[in-house]
Structures are given as structure tokens and as C-alpha cells.
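Need coordinates for the following:
(2 chains)
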Number of protein chains: 2
Amino acid sequence: MATPDAKASRAPTVTLKTPKGTRDWSGQDMLMREQVFKMITDVFKKHGGTPLDTPVFELKEILSGKYGEDSKLIYDLQDQGGELCSLRYDLTVPFARWLAMNNIQSVKRYHIAKVYRRDQPAIARGRFREFHQCDFDIAGVYDPMIPDAEVLRIIVEVFEALKLGVTIKLNHRQVLDGMFAVAGVTKDKIRTISSAVDKLDKMPWEDVKKEMVEEKGLAAEVADRIGEFVRHAGTISETLALLNSKPELVANEQVKRGLDEMTLLASYVDAFGISDKVSFDLSLARGLDYYTGLIYEVINLPPKPEEGAISGNKSRKDDPASQVGSIAAGGRYDNLVGMYGKRQIPCVGISFGVDRIFTILEARRQKEGAKQKRDIDVYVMAFGGKEFTGLLTERMSVAQRLWSAGIRAEFSPKVKPKLPQQFKAAEGVPLGVILGQEELAAGQVRLKKLGQAEAKAGDDESSGRDDGKLVSLDELAEEVKKLLL
Amino acid sequence: MATPDAKASRAPTVTLKTPKGTRDWSGQDMLMREQVFKMITDVFKKHGGTPLDTPVFELKEILSGKYGEDSKLIYDLQDQGGELCSLRYDLTVPFARWLAMNNIQSVKRYHIAKVYRRDQPAIARGRFREFHQCDFDIAGVYDPMIPDAEVLRIIVEVFEALKLGVTIKLNHRQVLDGMFAVAGVTKDKIRTISSAVDKLDKMPWEDVKKEMVEEKGLAAEVADRIGEFVRHAGTISETLALLNSKPELVANEQVKRGLDEMTLLASYVDAFGISDKVSFDLSLARGLDYYTGLIYEVINLPPKPEEGAISGNKSRKDDPASQVGSIAAGGRYDNLVGMYGKRQIPCVGISFGVDRIFTILEARRQKEGAKQKRDIDVYVMAFGGKEFTGLLTERMSVAQRLWSAGIRAEFSPKVKPKLPQQFKAAEGVPLGVILGQEELAAGQVRLKKLGQAEAKAGDDESSGRDDGKLVSLDELAEEVKKLLL
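The predicted structure is shown next:
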């Protein structure tokens, strides 16, 4: 075990901080985090999700070759002899490793944990080097689009539980890639052009076009054809109708495959009662290479009935929702698990950006001026005259009765506390139990509503006078529970 | 974001494993872990505890000089430019850093998280390199022994909640160190002799004496005097009586200070109703240097009424409890926080060895033959004759009704599933909702108890015949909730 060396560590040079881009969680933030995780996992469980937890570090080779250029952001452990390891960068690669390692064919798993990226932190915007991911994925061979639709339903349920209005932007990789091919993009340029298009929510079309033509060497007329296709969003049916009206697109096999899946999805989304929450947005591309089918991104905004209008030259930059950025994102990735194991396991999933969600909820909490909550039910106190002994062991014994009954209770950790000190310490606690020598001799204590509730106590027949109600010790826990209901 | 490179990672050399001494958590293990954490945090909250979470790594200098020889077991992050960091080794040092950094004077905090030690793992005995700690600490200036007694009470409540019989072995650093001084141990040897004495639960007295005399250069007669003192355990009052009967001990100021505190503790432990759970055991020493007062260790065994007998030559090696090892341990450490901040903050705390506790609970679960639990309430299925379409969107729509009502529901992710397949998938789920074309036309479905409950269904008036009860869609969620009660 540990053997601290007081002299060595008393050196005055020790910097009292957490490492760059990391933070502690305590107080209200921590309580909110716990609440949010509870709400989200309750939704996951409603859908048969089971929890997974993996080590914070993986073998370095498991992570290598998975994140392209971003690999430089991976935290490595020092080589202290033995295996080379790195901190996990996301929860998807550990999930794929776990599926392959245990030869699991089918699972709905969720995983809430911290991941690590040596990125430039932007603390004020909630961007950390150690941050949370909260993932739900469905792995296994199912009939097409059924699990995809369930993931969308889960997204809606999560944000309903959190009381946040959202729109889910959808697109399909096959539609997108086929569309690029039809426009005249060669195969080797599809991913890089796709990344440029993905910036349409942050840049006007002109800038995106410039990037494609000047930086990525695309012919201007090809870029224009892309612009015609991608600047469209509407309900699934609306966007489907638009696409089906273009024979050159429908003739493309990839596009056709994607459209068939989106047609199926439209009916499933309808059966799940969430049609009004989704928007088939052809400009959505998502950065990750490994997506193979449906992709989606969630923005914090109630859906606007835009009636499938072509957004024309107006960039989405003006849309206030794009300022917040996406608060959840995901898609179908059918080829990732096969990189580890012998067989492919098709997967579809969602990752909630919980740190961004916390930022939004915290702003709301502050706006609503929510009060600091005390998570204690009863404060046990004592008072008396000149010969007041403090009744410490008596207070302890009463607290013990309450704890044994599952009631959250505290008392002053002083032998002889003063009464005002005790009332101050009890601030925010709903009930007080007051011990006096005489009452105790008769096996009784006073039970009293504290704080705001106190004002009403006078009107309440059962609570009697200002100084509370006399209750026998044996009935105390039961009386407390009645008042807490 | 991530950009996987399929070719690079398809290399056949990737080893599919977690790093040495680490493991994944899933299935029943994970559910048990969640349950245990919930039970423990419920107890912490009853006592006003608030959660803390710190980064998984700290600045290297924060950890250095805290763990003596064991510092070699610390995992360092690779120097990739910027700060030098190490994975946390325990939760106590991050707690002390947090207290000092935020100048917190008083708090009851709990922290459940993984810690990291590059030790030789022993997986079968539940000894990992990544393992959980679960700590509750009370920081602040309080009247003596009041928080110490509350920590003992918390220990008892936690193990009562887990239904594990325990004894808490207590000792006091001042008593122990004073006793060593009276026996003739010089100040510079006190900690090393203390470590030798701590091995009395694993070695016979003769071996401990040999270590003190031959390895640590203690005079044989000094060792013998130590042996006379330390081989004693009993209730607090019994051990106090024994110590008070030895004038040479009582004359020592350090011993006297310790005895005064233990006398206070005896009355507090009594008020908390846990006297029968503690044993004042003079051989308990604890390895950590930073303890300054009360120390304790919890063993998984109901207390034996040994009536304070001197254990004589019989070593505690024969005691079956010592085979399991301690499942929780802690003590008072009044000088640690001062190593970081300007002022000392006295602390007392407990660390639960949750991985060992899991091992014990898992063995019990297997012995009791507990069944795999399915955490789903309702399975939604459909059947029909030759023209059966599968009723997929209808099943989806019914599942959606159940989810919206907070009910955990699943259905087959196939367009046209066969009935036996659906019943198989529903194994372990208590209720089934069965859709048929005709019933649906009348706005109805069949609700049926599945599995074991099915047998009883016949006797139950309300559940009607074998093929379930016809329920209108609008009343379905309510009917399901009634049956789940």
C-alpha cells in the first residue's frame, strides 16, 4: 500500500491543478450528471440495452489505423516494460474489439464512460481532453432498417426525458456517394468531397464550393451539380419524392439501394410515432469513414415545418441551431467489427454528446434559478437550559434509528452545539427532530417542519404548534416517512 | 473525428485481448456491479455524502512522494509534449488535492472509480491492475471521534445492505506507537516494526518476531514485550480494561491520548448500535504511513464472542477470515491535505475493496443458482395464417405505446418472424403481447403471461384462457402495468 513521504511532497513547487483539458466533478454539476445518466440509461434499458464497461486503456495496436490523421491525438502510456497501451479515444473501437474477442453475434449494448483526446481544449465551450461519451449500439444481422429506426426512437425518448426539443437530421451514405458519382466525382475523391459538403452547416455554399474546386481540384461544373443535389432538406417522404423525380439519380444503383432503405425507414419511423422529429437532409455527410448506410446528427431545436424548401443560397450558418452544434450523432457501420474478428457484424448506433448536453442543461438551470438542493431528510438537534449537556449520544442514537429506517439524517458533530448553529446547519433540510432532556425521559422527541414548510405548519392540524409535534421514539421513523411523502 | 483505415487494421497480427491485468465488464457481472454501487451510494447518501469525480490522470508531481517504494507501480503517460501525467493510484491523493485546490474546509465526499497499479496481477483472486476503489471520507474539524464513529456506522450499514456478516477490527495509531515506545522501540524503527506487526494476521508470532529481530535488528526482549501487548483482541471496553491495567502503558502520553479517544469511541459506537460489530485488536497496524489516529479493517465473518482472550501462541493464520483478507479498510489521516495546501484538514475515511466484495457475492450467487434475469417486461409478437404479413409496423406501433408508458419492451427485428422463434426470443420475459389481424381490426391485442407465470394463469380469473386476455390498445399499457406489479 501507499507510503507517503511528507517531506518530499511538501515541496512548495507542487502545482495545485488538474491536467490541461481535464476537470473535477462535484456538487450540483455532479448531481446533474448523475441524473442525466440515470435518465438516459432508463431509456436504454426500456429497449433491452445491457451495459458494457471496458478498460480505460487498450493495446496500442487495437487503436492504430482506426482514426486516420487524428491518431496523433491519442494518449499513449509510457513504455514501462510489457505491453504498449493507449487511452481509449472513443467507445466504438473498444466495442468492436469486445464483440470480435467474445464472438458475440447480436447485442444491444450501452456504454457511458470517459474518452481521451490530446486536442486543443476549449473549456468555455465544453470541449475537454477527458470527456464523456454515451453510446448505444445494436449489433447483429436484422431485417433492414428495423434497428436503425429503433435507434432513432431511442434518441427521441432520451431528449423527451431531458425536455430538450430536437431535430434529427438524416442522410444515407449510399444515396450520398451515388449522388457524388452521378455528379461526376471520381471514386478516390468521394470521401474528401463528402467532408467538404459536411461543412455546409457552418459555411455558406460558396465557400464549400471554393474548397472543393480550389483545394480539392474538382471541376466547377461537378461542384455545381453537387450543389443542386445536396442543398435540400425535408421530411423523409418529401426528400424521397424529390430524389425520385430525378431519373439520373434513380438510375444509379447505389442511390437506388439507399432510396429503398429510406422508403422502408419512412414507414418504420411512422410506426414509432417520430416522423415529425426527423429531417432527411442531403447535406449531412458526417466525418467518419466507417459509416456504410444511414447517418444522423441531432440538433437542439424543435423541428421547423420548412416544407422541404430548397434552401437556395442561404447558408445554414444563419440557423441558430448550428451555433450549438450537434448534441448526438451516429449511423450504421457494417464493416468495422470485421477488422478485428473473422466475421462482419453489422452495427448501428448513436453517441450522445453528454458534455454539450450538460452545458445546455446547466444554462437552463441557472436561468430557472434552481436552488441548491440538500439531499438530507432530517436534521437531528438538541437544546436545553443552563445544564445542557449537548445530548450527543442521544442525538446519535436517534440518527441511528432514522438511518436504520432508510432515512437520510445528519446531526451536528459537536458535543455541545448551540441551537442557532444547529438551525443554520439544517438550512434546506425539510424536517428537524429536536431532543430535550424532559421529552427524552418520557421516550419522546419533537418533530418539526423546517424552513419554507415551517410557515405552513401553523395551518396544519397534525403538526400542532410552532415547536413541532411530540412523537414517541418508537414511532419517529414512521412519522418522518409520512411527512416526507 | 475518427477516420478508420480498413487496410492498416486488417493486419492479422492484432491480438484480441484487453491489456494485462484488465478486464471487460458485461452481462450479469456488470449488473451486479451496478447493483452493489447503488446499494453502497444509497448508504453514503443517507449520511449526507456527496459524490466527487476526478480525472483518471493527475500531474505526476501530485502523486510523487506519496507512495514510498510502491511509486514504481504508478502508470505514467508518455511524454507527448506538455505536462507529465500519471494514472491515479488511489482516490485519497486526488481527494486531498481537490480539498487543497478548492480550499474546502469541510465535506463528506464519496468517490467510486477505477485506480491503476502496475502490480503482478492475480486474476483468479480478483487482483487486477485496473480495479475499483470505493471511498467515503469526512473532512473537517469536528469534535473528536464523532465522524470516526459515523464512518464505522456506515461500514456496518453497507455490509448489512449487502447481507455480508463482518467484523471491524479497530486499533489506534497513538496507542500502537506509544506501546512500541514503551516496549523500547526507537522512534526511527516504529513504522517498520509496525509493518511487521501488521503481518500477524498472515504469519504466526514466531515468524513476525524473527522478522523484527533478524531483519529489522530489534532486541529479542523488546520484541517479546511487543508480543505481550499486541496479541490481544476484544470488545473496546475489554481491551481498554486490559490496557488500563498496565501502569507503564497508561504513563505514556501517546498511549493515554489514544485511550481517551477509544473511550469516547466506545460510547459513540454504543449510541450507534454497532458495539457487537467491532473488535479492538492491538495487532492491527495498517501499512499506510499517513494514518494518525483510529485505524480499521473489515473482515468477512460474523463477530465471535472470544471474550477478550489473549490469543497466546495461536497465530491468526488459523482464522478462516484471514484467508479472505480485508474487504474494507481505512482510518484517520490528519496531515495529508496539508501536504498540498496551506492548512491541515483532518480527515477520516473508509475504502471498500469492491472487487473482492464482487468475488464473494458472485460465489454466493452461483451457489444459490440464481437465474439469468431478463430486464425486459413485455415481448411484442404477431402470428397469423397463410397470408401472414408479419405485422411489423403494427408490432412497432404497439412497442412504441409501451415505451411511451415507461414499459421495457422488445419485438423480433424481422419482417416476418415465425411464432416459435418469437416465443424463444421471449424466454425469461414475464409478459407477451400477441397481435393478430382480426383482433387488430377491432383495436385489440392479446396480453399473456409467459413462462413460469403461464402455469398459474389458468387459475387467475382475470387472465382468462391460455392464449391470453383480449385488451384494447388504449388500455394496453395500463393492463401491462397492473400485471407487472
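
okay, CA-based contacts and neighbour counts for the rest of this
Will do.

give me the number of residues near the residue of the stretch 101-250 of chain A found nearest chain B?
For the stretch 101-250 of chain A and chain B, the shortest gap (CA to the nearest CA) falls at residue A:143, measuring 5.1 Å. The criterion is other CA atoms under 10 Å in any protein chain shown. On that basis, residue A:143 has 12 neighbouring residues.

per-residue confidence at the residue lying closest to it once chain neighbours are set aside?
Excluding the flanking residues, the one nearest residue A:143 by CA to CA, 6 or more residues apart in numbering or on different chains is residue B:414, at 5.1 Å. Model confidence at residue B:414, given as pLDDT, is 93.

Residue B:414 and residue B:392, how far apart?
Separation of residue B:414 from residue B:392 (CA to CA, to the nearest Å): 8 Å.

So which of the two has more stuff around it?
Legend: neighbour count by other CA under 10 Å for residue B:414 and residue B:392, higher for residue B:392 (22 against 16).

so what's the more buried one scoring on pLDDT?
95.

Also the one 10 residues further on?
The predicted local distance difference test score for residue B:402 is 96.

and it, that one's in a strand?
No. Residue B:402 is assigned helix when assessed by DSSP: H, G, I helix; E, B strand; the rest coil, not a strand.

Test my guess that it contacts residue B:396.
No. Counting by CA atoms under 8 Å, residue B:402 sits too far from residue B:396 to count as a contact (9.9 Å).

list the buried ones in the host helix or strand of residue A:39?
Assigned by DSSP states H and E, residue A:39 belongs to helix A:27-46. Residues of helix A:27-46 classed as buried: A:30-33, A:36, A:39-46 (neighbour count, 16 or more other CA atoms under 10 Å in any protein chain shown).

still on that earlier bit, please name the residues that touch the residue nearest to residue A:143.
A:142-143, A:146, B:392 (CA atoms under 8 Å, 6 or more residues apart in numbering or on different chains).

run the last query once more with 10 Å
Contact analysis of residue B:414 by CA atoms under 10 Å, 6 or more residues apart in numbering or on different chains lists A:141-144, A:146-147, B:390, B:392, B:422.

Quick one: buried ones out of the residues you listed?
So, by 16+ other CA under 10 Å, the buried ones in these are A:141-142, A:146-147, B:390, B:392, B:422.

what's the most distant pair in those?
Greatest spatial distance among the buried ones among the contacts of residue B:414 (CA to CA): A:141 and B:390, at 17.8 Å.

Point me to the helix or strand that includes residue A:480.
Assessed by DSSP H and E, residue A:480 sits inside helix A:473-484.

Give me the contacts around that helix.
Applying CA under 10 Å, 6+ apart, the external contacts of helix A:473-484 come out as A:377-378, A:398-399, A:401-407, A:430-433, A:440, A:442-449, A:463, A:470-472.

same thing but at 6 Å, please
The contact list for helix A:473-484 (CA atoms under 6 Å, 6 or more residues apart in numbering or on different chains) reads A:402, A:443-444.

Which single one of the residues you listed is nearest to chain B?
Relative to chain B, the closest of these is residue A:402; by CA to the nearest CA it sits at 9.1 Å.

For the closest one, which non-adjacent residue is closest in space?
Among residues not flanking residue A:402 along the chain, residue A:477 sits closest, at 5.7 Å (CA to CA, 6+ apart).

about what we covered before: give me the buried entries from the contacts of helix A:473-484.
Taking 16+ other CA under 10 Å as the criterion, what is buried in those is A:402, A:444.

How many neighbouring residues does residue A:450 have?
Using other CA under 10 Å, residue A:450 has 22 other residues around it.

My guess is it contacts residue A:430. True?
Yes. Look at residue A:450 against residue A:430 with CA atoms under 6 Å: they come within range, at 5.2 Å.

Next, the contact list for the closest residue to chain B within the stretch 351-485 of chain A, please.
Residue of the stretch 351-485 of chain A nearest chain B, by CA to the nearest CA: residue A:408 (3.8 Å). Residue A:408 makes contacts with A:376-377, B:46-47, as judged by CA under 6 Å, 6+ apart.

Of the residues you listed, which is the nearest to residue B:168?
Using CA to CA, these come closest to residue B:168 at residue B:47, 19.2 Å.

gap between the closest one and residue B:153?
10 Å.

So which residues on the stretch 251-400 of chain A come close to chain B?
Residues of the stretch 251-400 of chain A lying close to chain B (CA under 6 Å from any CA of the partner chain) are A:271-272, A:288-289, A:339, A:393, A:396-397, A:400.

which two in these are spaced the farthest apart?
A:289 and A:393 (65.9 Å).

Which residue ranges of the stretch 1-150 of chain A form helices?
With helices called from DSSP state H, counting those that start in this stretch, the stretch 1-150 of chain A shows them at A:6-9, A:27-46, A:60-63, A:92-101, A:146-161.

Save these as TSV, and put in distance to residue A:79 too.
Converted to TSV, the helices of the stretch 1-150 of chain A look like this (distance: least, CA to CA, whole Å):
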stretch	distance to residue A:79
helix A:6-9	25
helix A:27-46	34
helix A:60-63	11
helix A:92-101	21
helix A:146-161	40
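
For these, give me a markdown table that also has distance to residue B:216 and mean pLDDT.
A markdown table is the format used below for those (distance: least, CA to CA, whole Å; pLDDT from 0 to 100):
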| stretch | distance to residue B:216 | mean pLDDT |
| --- | --- | --- |
| helix A:6-9 | 23 | 44 |
| helix A:27-46 | 48 | 94 |
| helix A:60-63 | 44 | 93 |
| helix A:92-101 | 49 | 94 |
| helix A:146-161 | 63 | 97 |
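
Same list (those) but as TSV, adding distance to chain B.
Listed next are the helices of the stretch 1-150 of chain A as TSV, based on distance: least, CA to the nearest CA, whole Å:
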stretch	distance to chain B
helix A:6-9	5
helix A:27-46	4
helix A:60-63	6
helix A:92-101	6
helix A:146-161	6
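
would you say residue A:360 is within a helix?
Yes. Assessed by three-state DSSP, residue A:360 belongs to a helix.

contacting residues around the spatially most central residue of chain A?
The residue lying closest to the centre of chain A (CA atoms, centre = their mean) is residue A:354, at 2.7 Å. Applying CA under 6 Å, 6+ apart to residue A:354 gives no contacts.

And it, what's its pLDDT?
If you check residue A:354, the pLDDT there is 92.

can you give me the helices in the stretch 301-450 of chain A?
A:320-324, A:354-367, A:392-404, A:419-425, A:437-441.

Tell me which of those helices lies nearest to residue B:134.
Judging those by CA to CA, what sits closest to residue B:134 is helix A:392-404, at 20.2 Å.

what comes into contact with stretch A:356-375?
Stretch A:356-375 is contacted from outside by residue A:428, using CA under 6 Å, 6+ apart.

Just give me how far it sits from the chain centre.
Stretch A:356-375 has its C-alpha centroid displaced from the chain centroid by 15 Å (CA atoms, centre = their mean, to the nearest Å).

is it true that residue A:86 touches residue A:55?
No. When contacts are counted by CA under 6 Å, residue A:86 is not listed as touching residue A:55 (10.5 Å).

Compare those two (neighbour count), which wins?
Counted by other CA under 10 Å, residue A:86 and residue A:55 do not tie: residue A:86 has more neighbours, with 24 against 18.

And the more buried one, how far from residue A:134?
Residue A:86 is 20 Å from residue A:134, where distance means CA to CA.

And for residue A:448?
Applying CA to CA, the value for residue A:448 to residue A:134 is 43 Å.

more neighbours, these two?
residue A:448 (26 against 21).

and the stretch 51-200 of chain A, which residues reach chain B?
Proximity of the stretch 51-200 of chain A to chain B, by CA under 6 Å from any CA, involves residues A:52-54, A:58-59, A:65-68, A:76-78, A:101, A:142-143, A:146.

who's in contact with residue A:167?
Residues near residue A:167 by CA under 6 Å, 6+ apart: A:277-278, A:298-299, A:301, A:303.

By neighbour count, which of those residues wins?
Most neighbours among those, by other CA under 10 Å: residue A:298, with 26 neighbours.
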